[in-house]
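> generate coordinates for the sequence data below:
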Amino acid sequence: MNRIFLLRFAAFALLLAQTPAFLAQEPKAAQAPKLPPPPSDADKAKLALDQRILDDAKKGSEVIANLTYLSDAIGPRLTGSSNLKRAIEWGAAKMKDYGLTNVHKEPWTIPEGWQRGYAHARLIEPETGRSLSLASMGWSPGTGGKITADVVILKAETVEELDKYKGKLKGAVVLSGPPSRLPVLEGGYKPGQGGKQFGGGKGGFNKGKTFEEGMSFRKARSEFMRKEGAAAIFQDSGKHFGLLNMTGSWSGKDRPSASTPIATVFVAHNDYEMLWRLASRAEPARTRIELDIQNTFIPGPIILHNVVGELKGSEKPDEVVVVGAHLDSWDLGQGTTDNGTGSCIVLETARILARCGTPPKRTIRFILFTGEEQGLHGSAAYVKQHKDEMAKISASIVHDTGTGKVVGLGSGQNAKSKELLENELASLKPLGLTDFASRSGGGSDHVSFQKAGVPGFALKQDVTTYFLFTHHSQADTLDAAREADLIQGAQVTAVAAMRIANLDQLLTREGKK
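As a prediction, this is how the structure comes out:
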């Protein structure tokens, strides 16, 4: 060996001696990834039924045809109106056509009805002649003829702060709170955006209060204005493009209209902002308007109905899954997205499941509620009338947030239901149903069932422009409906109802209030 070779060999040997032990070891055999167990025959049957339901929902869908008739031929369905009575008869007939059993109408009553008249207003000081866009709150009286009134701002967040307005409101039109803060529309609207409506802007009366505290203060404030002799209350509609908003209900039992004697209206946001600016000027500047409002109270009691139909359970017919929506609407538009969409999805779900050929193990009960817009009255009446059945109702599923696709079935604090439903409804994830963690929300008929201990779910939807534009406004018309998303909503509702009806046990009541 020559000397250079010996030196190279020695260096290589030294390098080997310094190599970490783990590099010198023989590689271990790669572990095979754990595979989920193959689906059982029962799981295969469930998935096959899911797929059949999903396919049927896309074949011959009637959701848009029904929604078109409800919107165009029947129109807005104010609680207590003749249009709502026509819709009730139509809904019952559709349930029978689709093969539901035990189709019937369950009566409940309201203390009085209400019919909207006209609402005219004109700015007379400053003398611009500008007309104002406004609409009476539901179950609000009129002005008793044409009046001329000063516009006064009321800034009070507590009952004590109302005292400074004693002797200053007689015959006045009162602006109930600062103008709403509307979302900026530049760059596109993002789901979840919405204005702070109904006098909820900076320093509004709900600031720092719970919902109950806010409502209590509103009641005290209205009573104060009544005693002071105010002529009318103006509220900001809180929507873009001159769109109006709406809410309102009867109150009291003996003489309901007597408890809200002040005319109350919603004013288009741009007009409300102008009135606020003008009324904020220093004295002696005055802001005066001419106002004429007429509405009609219809003496009660008035009988209304919830519409009910069933797919009878094959194994546990006395246990029930409720699928519901409210048939009533406000009267500024056609009531398409609130809640013609939900009502027609309930009917479409009934059509799909009745024809799928496999009856549910538990009864699926389809209900079109009425009187929701005035405070969930129809569903509350239903729960009261069926209080002995509540322990055997597994769930209440309600569709009531417009035309957008369904993205969630919120289980809230109910961890057991969340895990169970997430597994059971895995076949719906490709359709976009991915949120099982959020709370089920409030403000619709599932809440009446929640109060009785029943797991209640308001289907979580992509609200797109629902709250910003169509909700309770004159823009709630048929052109806002999106057929593809409504078909998806029917698919989700049908599979969810069937899966819950076929569970081994009722859904747990854990975490429900």
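> which element, helix or strand, includes residue 239?
Assigned by DSSP states H and E, residue 239 falls within no helix or strand.
> count the residues that sit near it.
Counted by other CB atoms under 10 Å, the residues lying close to residue 239 total 26. C-beta here means a position set from N, CA and C on the backbone, and glycine is covered the same way.
> I'd assumed residue 185 was in contact with it.
No: the pair residue 239 / residue 185 is not scored as a contact, 11.4 Å apart, by CB atoms under 8 Å.
> what segments of the stretch 351-500 of the chain are strands?
All strands of the stretch 351-500 of the chain, identified by DSSP state E, counting those that start in this stretch, fall at 362-369, 393-398, 406-408, 456-458, 460-461.
> the first one vs strand 393-398, what angle?
Pointing back at strand 362-369 there. Calculated by axes from the mean of the first three to the mean of the last three CA atoms, to 10 degrees, strand 362-369 forms an angle of 40 degrees with strand 393-398.
> partners of strand 362-369 in the sheet?
Strand pairing for strand 362-369, determined by DSSP bridges: strand 288-311 (antiparallel), strand 316-326 (parallel).
> got it, and the second one?
Sheet partners assigned to strand 393-398 using DSSP bridges are listed as strand 316-326 (parallel), strand 456-458 (parallel).
> what's the least confident stretch among these?
When these are compared on mean pLDDT, strand 456-458 scores lowest, with a mean of 94.
> which residues touch that strand?
395-401, 409-411, 440-444, 446-450, 512 (CB atoms under 8 Å, 6 or more residues apart in numbering).
> which strands and helices sit next to the helix or strand containing residue 115?
If you go by DSSP H and E, residue 115 is part of strand 101-125. With contacts taken as 3 or more CB pairs under 8 Å, 6 or more residues apart in numbering; DSSP states H and E, strand 101-125 sits against helix 82-97, strand 134-136, strand 288-311, helix 377-385.
> now do it against strand 288-311, angle only.
170 degrees.
> for strand 101-125, which residues meet the burial criterion?
Judged by neighbour count using 16 or more other CB atoms under 10 Å, the buried positions of strand 101-125 are 103, 105-106, 108, 110-114, 116, 119, 121-123.
> and residue 34, what pLDDT?
69.
> using a markdown table, lay out the strands paired with strand 362-369 together with distance to residue 347 and mean neighbour count.
Shown next, in a markdown table, are the strands paired with strand 362-369 (distance: least, CB to CB, whole Å; neighbours: other CB atoms under 10 Å):
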| stretch | distance to residue 347 | mean neighbour count |
| --- | --- | --- |
| strand 288-311 | 9 | 19 |
| strand 316-326 | 9 | 23 |
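> turn the ones you listed into CSV, columns for distance to residue 177.
Below are those laid out as CSV (distance: least, CB to CB, whole Å):
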stretch, distance to residue 177
strand 288-311, 18
strand 316-326, 28
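> thinking again about what came up before, can I get the helices and strands packed on strand 101-125 in CSV including mean pLDDT and distance to residue 465?
Shown next, in CSV, are the helices and strands packed on strand 101-125 (pLDDT from 0 to 100; distance: least, CB to CB, whole Å):
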stretch, mean pLDDT, distance to residue 465
helix 82-97, 98, 25
strand 134-136, 98, 20
strand 288-311, 97, 29
helix 377-385, 98, 27
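> could you dump these to a markdown table with distance to residue 346?
Below are those laid out as a markdown table (distance: least, CB to CB, whole Å):
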| stretch | distance to residue 346 |
| --- | --- |
| helix 82-97 | 9 |
| strand 134-136 | 29 |
| strand 288-311 | 9 |
| helix 377-385 | 13 |
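> how about the ones you listed, which one is nearest residue 366?
Closest to residue 366 of these, according to CB to CB: strand 288-311, at 5.0 Å.
> ok, residue 127 to residue 290 distance?
Distance of residue 127 to residue 290, given as CB to CB, to the nearest Å: 11 Å.
> cool, residue 163 as well?
From residue 163 to residue 290 the distance is 30 Å (CB to CB).
> likewise residue 217?
Counting by CB to CB, the gap from residue 217 to residue 290 is 30 Å.
> how about residue 337?
35 Å.
> so which of the helices and strands packed on strand 101-125 is nearest residue 274?
Here strand 288-311 is closest among the helices and strands packed on strand 101-125 (CB to CB), at 11.0 Å.
> how far does stretch 79-99 sit from the chain's center?
21 Å (CA atoms, centre = their mean, to the nearest Å).
> buried residues in that stretch, which are they?
79-81, 83-85, 87-88, 90-92, 94-95, 98.
> export that stretch to PDB, keeping only CA atoms.
Extracted C-alpha coordinates of stretch 79-99, given in PDB (Å, rounded to 0.1, in the frame of the first residue of the first chain):
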ATOM      1  CA  THR A  79    -100.800  36.900  11.300                       C
ATOM      2  CA  GLY A  80    -104.600  37.000  11.400                       C
ATOM      3  CA  SER A  81    -105.000  38.000   7.700                       C
ATOM      4  CA  SER A  82    -107.100  36.300   5.000                       C
ATOM      5  CA  ASN A  83    -103.900  35.600   3.100                       C
ATOM      6  CA  LEU A  84    -102.500  33.600   6.000                       C
ATOM      7  CA  LYS A  85    -105.800  31.600   6.200                       C
ATOM      8  CA  ARG A  86    -105.500  30.800   2.500                       C
ATOM      9  CA  ALA A  87    -101.900  29.700   3.000                       C
ATOM     10  CA  ILE A  88    -102.900  27.400   5.900                       C
ATOM     11  CA  GLU A  89    -105.500  25.700   3.600                       C
ATOM     12  CA  TRP A  90    -102.900  25.400   0.900                       C
ATOM     13  CA  GLY A  91    -100.300  23.900   3.200                       C
ATOM     14  CA  ALA A  92    -102.700  21.300   4.500                       C
ATOM     15  CA  ALA A  93    -103.600  20.400   0.900                       C
ATOM     16  CA  LYS A  94    -100.000  20.000  -0.100                       C
ATOM     17  CA  MET A  95     -99.300  17.700   2.900                       C
ATOM     18  CA  LYS A  96    -102.100  15.500   1.800                       C
ATOM     19  CA  ASP A  97    -100.900  15.500  -1.800                       C
ATOM     20  CA  TYR A  98     -97.500  14.400  -0.700                       C
ATOM     21  CA  GLY A  99     -98.900  11.400   1.200                       C
END
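> partners of residue 369 in the sheet?
residue 326.
> which residues touch it?
306, 324, 325, 326, 327, 328, 378, 379, 382, 445.
> include distance to residue 276 when you put those into TSV, please.
Shown next, in TSV, are those (distance: CB to CB, whole Å):
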residue	distance to residue 276
306	42
324	40
325	37
326	34
327	37
328	33
378	37
379	37
382	42
445	36
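> between these, which is nearest residue 226?
residue 328 (28.2 Å).
> just give me the neighbour total for that closest one.
Counted with other CB under 10 Å, residue 328 comes out at 29.
> tell me if I'm right that it and residue 79 touch.
Yes: if you go by CB under 8 Å, residue 328 and residue 79 touch, sitting 4.7 Å apart.
> which neighbours do those two have in common?
In contact with both residue 328 and residue 79: 370, 371, 373, using CB under 8 Å, 6+ apart.
> just give the closest residue to residue 418, not the sequence neighbours.
Of all residues not flanking residue 418 in the chain, residue 411 sits nearest, at 3.8 Å (CB to CB, 6 or more residues apart in numbering).
> one more: residue 64?
residue 483 (4.9 Å).
> so what's the one you found up against?
61, 63, 64.
> highest neighbour count among those?
residue 63 (22 neighbours).
> which residues in the stretch 151-300 of the chain form helices?
211-228, 269-279 (DSSP state H, counting those that start in this stretch).
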